[in-house]
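Asks: my questions are about this predicted structure, shown below with the sequence.
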Amino acid sequence: MRILTGLIGLSLLAACATPQQRCVNRETRDYRITYKRVTTLEQDLARGYSLVEEDVTRTRWVRCGGAKGERPRLCLDEYDVTVTRRVPVDAEVARAELGVLKARLVKQRAPMDAAVAQCRIAFPEEKEG
């Protein structure tokens, strides 16, 4: 459900963006994803563990029954909850991945900057007047 809500929010946000903003967002997407992963890995290494969310089904007692003339009773009801777990980080693997990702950021930067410049040429911002 959270994914669906996020997608709806993104589509509404994209609908409000100017053509230049949509172009820039499209052209910087890969860089932003890589940058976010680098940041996450750095935080995980500093903490010594990563945070992983998972959906878990739990049970609870709820009142059920109780139709006319019937006495209410307790029944087990299942519900889903998202929990965050700490997962130990393999520092050697994380550092290796971090090195690869940082090198990728360097390679992505120049083409991304050129593409963003083209977006600004193709879709100049309109001056409010």
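Replies: Sure thing, it's come through.
Asks: pull the longest helix from this protein.
Replies: When the chain is parsed with DSSP state H, its longest helix is helix 91-122.
Asks: buried stuff in that helix?
Replies: Across helix 91-122, burial judged by 16 or more other CB atoms under 10 Å covers Ala94, Leu98, Leu101, Arg104, Leu105, Gln108, Met112, Ala115, Val116, Cys119. No exception for glycine: its C-beta is placed from N, CA and C like everyone else's.
Asks: so the closest residue to Pro72 other than its chain neighbours versus Thr59, what's the distance?
Replies: Once flanking residues are discounted, Pro72 sits nearest to Gly66: 3.5 Å by CB to CB, 6 or more residues apart in numbering. Distance, Gly66 to Thr59, using CB to CB, to the nearest Å: 20 Å.
Asks: just Glu125 next, same as before
Replies: 55 Å.
Asks: with Arg47 instead?
Replies: Distance, Arg47 to Thr59, by CB to CB: 32 Å.
Asks: can you pull out the low-pLDDT segments for this protein?
Replies: Where the chain drops to pLDDT under 70, the residues are 1-15, 127-129.
Asks: quick one: the strands in it?
Replies: 49-65, 72-88 (DSSP state E).
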